[in-house]
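Asks: 3D, please:
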Amino acid sequence: NYSDRWGKKVKVSGSYFLNGTDNNNDSRTSRTYFAGPSNSSIYDDSSLSATNNLNHRFNMRLEYTIDSANSITFSPSLSLQHNDASTSSYAKTLAADILQSSTNNATSLLNDGYNASGNLLYQHKFRKPRRTISLNVNGGANEKTGEGTNYSQNLYYNSVVTVAGRDQRYDLQSDGGNVSTNLTYTEPIGKKSQLQFSYNPSFSESVSDKMTYNKDAVTGDYSKQDTLFSNKYANTYTTQRGGISFRVGERDRKTSFNVGLNVQQANLAGDQEFPAVAHISRSFFNILPNVFYNFRAADGRNMRVMYRTNTNAPSITQLQSVVDISNPLLMKTGNADLKQSYEHTFVVRYGLTKAKTGRNLFLNIYANKTFDYVGSAVYQPTKDSLFADKVSGTSILINRGSQITRPVNLDGYFSSRFFITYGFP
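Replies: Residues are numbered from 1 along each chain as shown. Just a heads-up that it's a prediction; the model follows:
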């Protein structure tokens, strides 16, 4: 850690963090899938894995006070990652105590990446008290490169036993960037009220390129490209958000109340270049209200009530329609048809502290309702079936005793938590 003053107007601080882990894991898994009242299957897995991670993290904060009315704060950060992992496993699927499939599987991966970001904040105070303007600019870039292997020997038990195997090597390249700006203006109304206007545009872009090659039985080289497990996909997410909020009370006073409303226009676009060319574009319009109430009393009571709404875009991993066969019995893929999710969050926090008696009470309530929640759909056929992806233009055979999972949008997602604690001497 480092902290210093550079002259009378500049404060600077920084830190460096190094973390290295070397883990070996021996695990056993037994899982039951229920597809209906009389249709269930059991998945058993035994695996050994070894993982080595190395992380470097650099953080810095520079505060420049230009004068009593103007200031600039710059906060850059950089993290570097190295990951080396290998796994060997044996897994099987049973239905009605009858063996349907089994696999001996070995995978390895080697990844290196970085994540860089920076935040620049300019603040200006006008002569009129509580009239301010600020400009906050955030930017970031990330990249990950890697390679890996998939080797498996699979047995599928139907009327006859089908033997299938894969010996593959893949190369992975993914990178992304983002930039956002938040312009905020506050205007006092009377002695205790304030209006705030904000404008917040943002842009993010991600590219993922995964190429998979099968082993040539003649040459022994991994030179035969497998288009089924290769994909190049890029997506962008652009938002334009503007809003207004009204606040009553002061932060250091007993009670404060804030209510606001934002309007957001978002565009999600995706372009697949390989194995087939495809383009997807969607637009979303949302109204995003928020409410905040804070109460603090001299007798030790305090309460916060918050309601907010926000949207979340799907990640590049969720959108990219490339099949992950690191476990041939539990395959995974993405879904380019995903939409952004819309969340409502409600939080209540109440606290009571009695310094004289040493007693305290804390209560937390959390509730969340999400529309177009990104969940998982599991396809587990009762017979050998083709699973087709209309965006990538590919189809993969899902043998009986195997399954494939893909993300999908779901409505009706609700979660809640309740926590209470009481302390006494």
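Asks: ok, then the element right after whatever helix or strand Phe246 lives in?
Replies: Per DSSP states H and E: Phe246 is located in strand 231-248. The helix or strand immediately downstream of strand 231-248 is strand 255-274, counting by DSSP H and E.
Asks: related to what we said a few turns ago, output the strand holding Phe246 as PDB, restricted to C-alpha atoms.
Replies: This file holds the C-alpha atoms of strand 231-248, laid out as PDB (Å, rounded to 0.1, in the frame of the first residue of the first chain):
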ATOM      1  CA  ASN A 231     -17.700 -20.300 -33.300                       C
ATOM      2  CA  LYS A 232     -16.900 -16.600 -33.700                       C
ATOM      3  CA  TYR A 233     -19.300 -14.200 -32.200                       C
ATOM      4  CA  ALA A 234     -19.400 -10.500 -31.400                       C
ATOM      5  CA  ASN A 235     -22.000  -8.500 -29.600                       C
ATOM      6  CA  THR A 236     -22.600  -4.800 -28.600                       C
ATOM      7  CA  TYR A 237     -24.900  -3.300 -26.000                       C
ATOM      8  CA  THR A 238     -25.700   0.400 -26.200                       C
ATOM      9  CA  THR A 239     -27.800   2.400 -23.700                       C
ATOM     10  CA  GLN A 240     -29.000   6.000 -23.500                       C
ATOM     11  CA  ARG A 241     -30.400   6.800 -20.100                       C
ATOM     12  CA  GLY A 242     -31.700  10.100 -18.700                       C
ATOM     13  CA  GLY A 243     -33.400  10.800 -15.500                       C
ATOM     14  CA  ILE A 244     -34.600  13.200 -12.800                       C
ATOM     15  CA  SER A 245     -34.800  12.800  -9.000                       C
ATOM     16  CA  PHE A 246     -36.100  14.800  -6.100                       C
ATOM     17  CA  ARG A 247     -34.600  14.700  -2.600                       C
ATOM     18  CA  VAL A 248     -35.900  16.100   0.700                       C
END
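Asks: thought Tyr122 was touching Thr132?
Replies: No: using C-beta atoms under 8 Å, Tyr122 makes no contact with Thr132, being 11.0 Å away. (C-beta placed from N, C-alpha, C; glycine too.)
Asks: in the strand holding Phe246, what counts as buried?
Replies: 231-239, 241, 243, 245, 247 (16 or more other C-beta atoms under 10 Å).
Asks: What's the mean pLDDT across stretch 360-378?
Replies: For stretch 360-378, mean pLDDT is 95.
Asks: Show me how far it is from its chain's centre.
Replies: 15 Å (C-alpha atoms, centre = their mean, to the nearest Å).
Asks: Could you do stretch 191-211 as well?
Replies: 16 Å.
Asks: can you check stretch 311-326 too?
Replies: For stretch 311-326, the distance to the chain centre is 11 Å (C-alpha atoms, centre = their mean).
Asks: for stretch 39-53, same thing?
Replies: Using C-alpha atoms, centre = their mean, the distance between the centre of stretch 39-53 and that of its chain works out at 23 Å.
Asks: again, but for stretch 137-156
Replies: 16 Å.
Asks: same for the helix or strand hosting Glu147, what does it pack against?
Replies: Here Glu147 sits within strand 132-157, counting by DSSP H and E. Applying 3 or more C-beta pairs under 8 Å, 6 or more residues apart in numbering; DSSP states H and E, one finds that strand 132-157 contacts strand 98-125, strand 161-189.
Asks: for the stretch 251-400 of the chain, what are the low-confidence residue spans?
Replies: 251-253 (pLDDT under 70).
Asks: All the strands of it, residue numbers only.
Replies: Per DSSP state E, counting those that start in this stretch, the stretch 251-400 of the chain carries strands over the ranges 255-274, 278-296, 301-312, 330-332, 341-354, 359-371, 373-379, 385-389, 394-398.
Asks: Which of those sits closest to Arg406?
Replies: strand 373-379 (5.8 Å; C-beta to C-beta).
Asks: If you count contacts, what does that closest one end up packed against?
Replies: Going by 3+ C-beta pairs under 8 Å, 6+ apart, strand 373-379 lies up against strand 403-410.
Asks: Adjacent strands (with direction) for the strand it packs on?
Replies: strand 330-332 (parallel), strand 373-379 (antiparallel) (DSSP bridges).
Asks: For beta bridges, what are the partners of the nearest residue to Leu352 once chain neighbours are set aside?
Replies: The shortest distance from Leu352 to any non-neighbouring residue, by C-beta to C-beta, 6 or more residues apart in numbering, is to Leu361 (4.3 Å). Here Leu361 sits in beta bridges with Leu352, Tyr422, as judged by DSSP bridges.
Asks: How about Phe74?
Replies: Beta-bridge partners of Phe74, as defined by DSSP bridges: Leu62, Leu120.
Asks: what's near enough to touch it?
Replies: Contact partners of Phe74, counting by C-beta atoms under 8 Å, 6 or more residues apart in numbering, are Arg61, Leu62, Tyr64, Gly118, Asn119, Leu120, Leu121.
Asks: Touching, the third one and Ile72? I think so.
Replies: Yes: the pair Tyr64 and Ile72 passes the contact test of C-beta under 8 Å, sitting 4.6 Å apart.
Asks: how about the most centrally placed residue in the chain, what does it touch?
Replies: The C-alpha lying nearest the average C-alpha coordinate of the chain belongs to Ser315 (C-alpha atoms, centre = their mean; 6.7 Å). Applying C-beta under 8 Å, 6+ apart, we find Ser315 in contact with Ser206.
Asks: No further questions, thank you.
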